[in-house]
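> Please find the sequence and the predicted model below.
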Amino acid sequence: MKAFLQHFSFEFLKGIRNKNLLLLNYLFPLGFYLMMGLVMVEINPAFRDNVIPAMVIFGILSASLLGIPDPLVNARENGIYRSYKINGVPSLSILLIPAITTIIHMIIVSLLITVTAPLLFDAPVPVNLFNFVLIFFAIAIASTGLSVLIGVVSKSSRMTILWSQLIFVPSMLLGGLMVPFNMLPNTAQKVAQILPSTQAMNALNGLAMGGTADFSPWGSVATLFAGGIGAFLLAIYLFSWDSRNTTRRGHPLLGLLAFLPYVIQIILTS
Amino acid sequence: MCSSIIEVKDFTKKYGDYTAVDQISFSVEEGEIFGLLGPNGAGKTSTLECLEGLRKPDGGSIRVADLEPVSEFQKLKDVIGVQLQSASMPESITPVEAIKLFSAYHAVDPRFDLLEKFGLKEKQGSQFFELSTGQQRRLALALAIMHNPKVLFLDEPTAGLDVTTRFVLHEMMRDMQKSGTTIILATHDMAEAEQMSDRVAILLQGKIINIGTPIEITAAGAGLTKISVRTQSSELPTSKGSFPAVTHAFRLEEYQIYFSTDIGSTVSAIISYIEEKNDTLIDLRVERPSLEDRFLEITSNGVN
């Protein structure tokens, strides 16, 4: 327990101390939130209803998809995991503690957004706070799970950027943050449903913000939890201590199985 | 030094078709400082990594402190200390945090005194990337010894260290040896290996080609002794047959250098020659072959 707390404390402080992580955990999501609140609400007043859910999800995606994988890959490539291994740090701690501390940073950012958005932009507050918190944890687990998995299966920083952007960019364009799901063409809707952000926006609208869900909101919550837990399990299974280790337990493409719950959900809602 | 703490028998490590270590066997006694020498690619790192439990051997058997390194790694990690060749830590961790973190994982009290011992006290709150290379290596050393390991693996421990820290490290190694710690020292620094090791093994192309005390290994060489002579007139003969047992000779600045297979007869003849010529001896140095000379001889020949 003492070791866990020491590790947790270091990883949490790293999220503030490291300039890149500070940017991705706090400055980028909060700066983007202020910009969107100031600009988008003026251009499209209907966006006001989405400020809190969209910007909370954006903060989660920024801190996880952009912030988690690269340090994991760099640590493996630079032999930090080897130092960890010989000093008895378990692989589970290496994978879970950065995810948990990132979720703490997400909670701080989400609180700042949820508290200030009604004051600054007259944004509506969640009508069901319990569901809001539940869905927050669902998307946080789904997103950090995928991010840890990307960090485990990527061979290099360049591959990390590719995999992360493959989820992050479509999430911004199709995930319901900027353009409502029901305004997307049918095919795009099916593609969008494979993104955690789409599932999270659907669940928040249907269960927490007093809006209407486009498809089963509880199905979305279940998909996010299943996807997140699945991604963590795959990351633990595929973890290797160093890049020269040829005894990885499975092919990195096995990581794609993390999207299975989303595919099942698409099939069930078709 | 009474029982083997490391037993390696017919150990083999392969990477695909390439055999990095080929059926080597050796043992290390408890409390011994054992040097592992060899040129790049000789198999030192593969051997170390398998002893440390970081890699799985492809053949033979390895026992460290009566444990099988890979399958019993959870027990092994608390009885070995490892200072890796490249000191790798998260870039934003501070020395104090590193000590706290790893001591917690080893379930021992943090040894902050080591920060002072290794000259890191003033940098204890600095992030790892702000430390110099030497400071990073000193921190890695402190982390390797803070749980009082039975076996300490040091991979190029003095690379990048200044003279003072190098001295501190050597003192620390001797202190640890006195308290019963076995030290495996992989190094390119032959002077360090000769000075610190009780025994050394020289690896070449995945095989041990020589093992023994530094004196035994140097004695097993061609046995040439270097004799450097300087006289007032600087008129000593330069040909190899000029004195008994001289195999070759050359001039180096003010000195005449001879390589002899028999020091006694060569030195007597040189002194007689100087007296005969009414010359004055200014300096005469006799140097036995060093471990480095022997290492170069072995590795350039490729065989013992």
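Nice, I can see it. Residues are numbered from 1 along each chain as shown, chains lettered A, B, ... in the order given.

> Tell me the spacing between the residue in the stretch 201-304 of chain B positioned nearest to chain A and B:Asp22.
Going by C-beta to the nearest C-beta, chain A is nearest to B:Gly206 of the stretch 201-304 of chain B, at 17.1 Å. C-betas here are computed from N, CA, C, even on glycine. Using C-beta to C-beta, to the nearest Å, we find B:Gly206 at a distance of 4 Å from B:Asp22.

> wait, doesn't the residue of the stretch 201-304 of chain B closest to chain A sit right on B:Tyr18?
No - at 9.1 Å, B:Gly206 does not count as touching B:Tyr18 under the criterion of C-beta atoms under 8 Å.

> Going by neighbour count, which residues in the worst-scoring helix or strand of chain B on mean pLDDT are buried?
Here the helix or strand of chain B ranked lowest by mean pLDDT, DSSP states H and E is helix B:291-301, holding a mean of 72. Neighbour-count burial for helix B:291-301 flags B:Leu291, B:Asp293, B:Arg294, B:Phe295, B:Glu297, B:Ile298, B:Thr299 (criterion: 16 or more other C-beta atoms under 10 Å in any protein chain shown).

> would you list those residues in a markdown table and tack on distance to B:Asp155?
Shown next, in a markdown table, are the buried residues of helix B:291-301 (distance: C-beta to C-beta, whole Å):
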| residue | distance to B:Asp155 |
| --- | --- |
| B:Leu291 | 19 |
| B:Asp293 | 24 |
| B:Arg294 | 22 |
| B:Phe295 | 18 |
| B:Glu297 | 25 |
| B:Ile298 | 21 |
| B:Thr299 | 19 |
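
> who touches the biggest helix by length in chain B?
For chain B, the helix that runs over the most residues, judged by DSSP state H, is helix B:163-178. Contact partners of helix B:163-178, identified using C-beta atoms under 8 Å, 6 or more residues apart in numbering or on different chains, comprise B:31-33, B:117-119, B:134, B:138, B:141, B:145, B:152, B:154, B:157-158, B:161, B:183, B:185, B:192, B:195-196.

> Let me see the ranges of the helices in the stretch 151-300 of chain B.
Listed in chain order, the helices of the stretch 151-300 of chain B (DSSP state H, counting those that start in this stretch) span B:163-178, B:190-196, B:214-219, B:263-276, B:291-301.

> Name the stretch among these that sits most buried.
helix B:190-196 (a mean of 19; mean count of other C-beta atoms under 10 Å in any protein chain shown).

> Name the nearest residue to A:Pro126, sequence neighbours excluded.
A:Phe132 (3.8 Å; C-beta to C-beta, 6 or more residues apart in numbering or on different chains).

> name the element the one you found belongs to?
Secondary structure from DSSP states H and E places A:Phe132 in helix A:129-153.

> Now do the contacts for residue 51.
Since no chain was named, I'll use chain A. Residues in contact with A:Val51 (C-beta under 8 Å, 6+ apart) are A:Tyr33, A:Met36, A:Gly37, A:Val41, A:Ile113, A:Ala117, A:Phe121, A:Ala123.

> that's the wrong chain, I wanted chain B
B:Ile6, B:Val8, B:Ile62, B:Val64, B:Pro69, B:Phe153, B:Ile184.

> quick check: domain ranges of chain B?
B:4-219, B:225-288 (automatic domain parsing).

> average model confidence for the longest one?
When you say that, I think you mean domain B:4-219. Domain B:4-219 carries an average pLDDT of 89.

> Would you mind listing what in chain B touches chain A?
B:15, B:52-56, B:74, B:77-78, B:80, B:82, B:84, B:86, B:88-93, B:97, B:100-102, B:104-107, B:127, B:140, B:143 (C-beta under 8 Å from any C-beta of the partner chain).

> okay, now B:Gln85: neighbour count?
17 (other C-beta atoms under 10 Å in any protein chain shown).

> now the stretch 1-150 of chain A, which segments are flagged as low pLDDT?
Under the criterion pLDDT under 70, no range of the stretch 1-150 of chain A is flagged.

> mind redoing it with 90?
By pLDDT under 90, the weakly predicted segments of the stretch 1-150 of chain A are A:1-3, A:18, A:40-47, A:75-83, A:85-88.

> those helices in it, which residues are they?
Using DSSP H, counting those that start in this stretch, helices in the stretch 1-150 of chain A cover A:2-17, A:19-22, A:28-43, A:51-61, A:69-77, A:80-86, A:91-121, A:129-153.

> So what's the gap between the shortest one and the chain middle?
Yep, that's helix A:19-22 we're talking about. Relative to its parent chain, helix A:19-22 has a centroid offset of 17 Å by C-alpha atoms, centre = their mean, to the nearest Å.

> Tell me the helices and strands packed up against that helix.
Under the contact criterion of 3 or more C-beta pairs under 8 Å, 6 or more residues apart in numbering or on different chains; DSSP states H and E, helix A:19-22 touches helix A:2-17.

> cool, and the third one?
Contacting helix A:28-43 under the criterion 3+ C-beta pairs under 8 Å, 6+ apart are the following elements: helix A:51-61, helix A:91-121.

> can you check the longest one too?
On a contact count with 3+ C-beta pairs under 8 Å, 6+ apart, helix A:91-121 meets helix A:2-17, helix A:28-43, helix A:51-61, helix A:69-77, helix A:129-153, helix A:217-238.

> again, only using 10 Å
Helix A:91-121 is packed against helix A:2-17, helix A:19-22, helix A:28-43, helix A:51-61, helix A:69-77, helix A:80-86, helix A:129-153, helix A:217-238, with contacts defined by 3 or more C-beta pairs under 10 Å, 6 or more residues apart in numbering or on different chains; DSSP states H and E.

> Dump the fifth one to CSV, restricted to CA.
It stands for helix A:69-77. Only the C-alpha atoms of helix A:69-77 are listed here, as CSV (Å, rounded to 0.1, in the frame of the first residue of the first chain):
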residue,chain,number,x,y,z
PRO,A,69,0.4,6.8,-24.5
ASP,A,70,3.6,8.7,-25.3
PRO,A,71,5.1,8.6,-21.8
LEU,A,72,4.4,4.8,-21.7
VAL,A,73,6.1,4.2,-25.0
ASN,A,74,9.1,6.5,-24.1
ALA,A,75,9.4,4.7,-20.7
ARG,A,76,9.6,1.3,-22.4
GLU,A,77,12.0,2.5,-25.2
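
> Let me know whether it sits next to chain B.
Yes - legend: contact between helix A:69-77 and chain B by C-beta under 10 Å from any C-beta of the partner chain is shown at A:Pro71, A:Asn74, A:Ala75, A:Glu77.

> Can you redo those residues as a markdown table, where the extra columns are neighbour count and distance to A:Ser147?
Formatted as a markdown table, the residues of helix A:69-77 next to chain B follow (neighbours: other C-beta atoms under 10 Å in any protein chain shown; distance: C-beta to C-beta, whole Å):
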| residue | neighbour count | distance to A:Ser147 |
| --- | --- | --- |
| A:Pro71 | 23 | 10 |
| A:Asn74 | 16 | 14 |
| A:Ala75 | 21 | 14 |
| A:Glu77 | 17 | 17 |
